[in-house]
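Visitor: coords please:
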Amino acid sequence: MDTYALLLSATLHAGTVLAIASLGLLINEKAGVINLGAEGMMLCAAIAGFATVVHTGSDSLGLLAGVVAGAAMAVLLGLLVVFLNTNPYATGLALSLFGSGLSAFLGAPYVQARLPERMQFSIPMLADVPWVGPALFQHHPMVYAATVFTLALMWFLDRTRAGLILRSVGESPESAHALGYPVRRIRLLAVMVGGGLCGLAGAYVSIVYTPLWVEGMIAGKGWIALALTTFATWRPARVLLGAYLFGGVTMLQFHLQASGVEVPSQWLSMLPYLATIAVLALMSRRPAWMKAHMPLALGKPFYPGSH
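Guide: Have a look, this model is predicted:
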């Protein structure tokens, strides 16, 4: 039972990274912007957050630095894609490669650095409950914040005027423009917020999830988060569920290795990515259903002068 409690606990930690990044990408795509630069954003945020904690000793400042780093890179993406109408796929890939190289360069002095003693978190009384306590109530606040973010985004998109405007920009930017809404500025703001959340996820990796800095430590989580938005059919609750599902697959490899399962570690390491490919392949067999849920203007440039 203790083993399963640890597995569930690890699943929640791994899923938190994917959930926060995926919610950020969901905001981008609800506004009609595809962000393929998430991996690079998360890497730059990871080194920004890690370096900040090394020099200040404050996890809160480190997470904030990650948000700022992610948002700053998102501004670059937004200016290129939203205002200059560059190809979103090529621009996103270029930004991801740029972020990978920049983080490796800036992180070189921090490879051997160590963070201050990590604080242990727990919810009083609940953390002492056998099995349930270690599994659910001894986590970093960011684990619970992921659920709060999800509920807040659901409320924002479905219950607020600003959320309706954001969705209208992703569905029909021409109609939103005709009603007087600044489509490009709204898209840029959405990209910044989404980039900030990707940055928060990246900083969480280097500060909490794996408290160290290693080149390329995001290890494809940005791409999995991107796939999760499609897997979840652009719905926040499904994003959270999918994040924990993929987090469980990620942690399963370590559980199997610890259990003595004689499978090459390389095969086990491929499990999260094989699961991603399998899910996308299955969903691609229902294109009409996918199109019904996808923002209609996703990935399409908007030229205000022509409407």
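Visitor: so where's the stretch 151-300 of the chain uncertain?
Guide: Residues of the stretch 151-300 of the chain that meet the criterion pLDDT under 70 lie in 257-261, 265, 289.
Visitor: regarding the protein, what is its longest helix?
Guide: Looking across the chain with DSSP state H, the single longest helix is helix 2-30.
Visitor: give the buried residues for that one.
Guide: Applying a neighbour-count criterion of 16 or more other C-beta atoms under 10 Å, one finds 5-30 buried in helix 2-30. No exception for glycine: its C-beta is placed from N, CA and C like everyone else's.
Visitor: do stretch 236-246 as well
Guide: Buried residues in stretch 236-246 (16+ other C-beta under 10 Å): 236, 238-246.
Visitor: which of the residues you listed fall in strands?
Guide: If you go by DSSP state E, the buried residues of stretch 236-246 have nothing in strands.
Visitor: picking that back up, just checking, what packs against the longest helix of the chain?
Guide: With contacts defined as 3 or more C-beta pairs under 8 Å, 6 or more residues apart in numbering; DSSP states H and E, helix 2-30 has these neighbours: helix 38-56, helix 132-136, helix 141-159, helix 161-171, helix 183-204, helix 221-231, helix 236-258.
Visitor: want to throw the buried residues of stretch 236-246 into a markdown table with distance to Met119?
Guide: Converted to a markdown table, the buried residues of stretch 236-246 look like this (distance: C-beta to C-beta, whole Å):
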| residue | distance to Met119 |
| --- | --- |
| Pro236 | 29 |
| Arg238 | 32 |
| Val239 | 28 |
| Leu240 | 25 |
| Leu241 | 29 |
| Gly242 | 29 |
| Ala243 | 24 |
| Tyr244 | 24 |
| Leu245 | 29 |
| Phe246 | 27 |
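Visitor: Three-state assignment for Glu174, please.
Guide: helix (DSSP: H, G, I helix; E, B strand; the rest coil).
Visitor: and it, how many residues sit next to it?
Guide: Per other C-beta atoms under 10 Å, the neighbour tally for Glu174 reads 14.
Visitor: ok, now His293?
Guide: 11.
Visitor: what of the one 3 residues further on?
Guide: For Leu296, the tally of surrounding residues (other C-beta under 10 Å) stands at 12.
Visitor: show me what contacts the nearest residue to it once chain neighbours are set aside?
Guide: Once flanking residues are discounted, Leu296 sits nearest to Glu171: 4.9 Å by C-beta to C-beta, 6 or more residues apart in numbering. Taking C-beta atoms under 8 Å, 6 or more residues apart in numbering as the criterion, Glu171 is in contact with 32, 295-297.
Visitor: restricted to buried residues, select those residues in PyMOL.
Guide: If you want just the buried ones from the contacts of Glu171 in PyMOL, going by 16+ other C-beta under 10 Å, the selection is:
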select buried, resi 32+295+297
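Visitor: can you flag which of the contacts of Glu171 belong to strands?
Guide: With DSSP E as the criterion, strands contain none of the contacts of Glu171.
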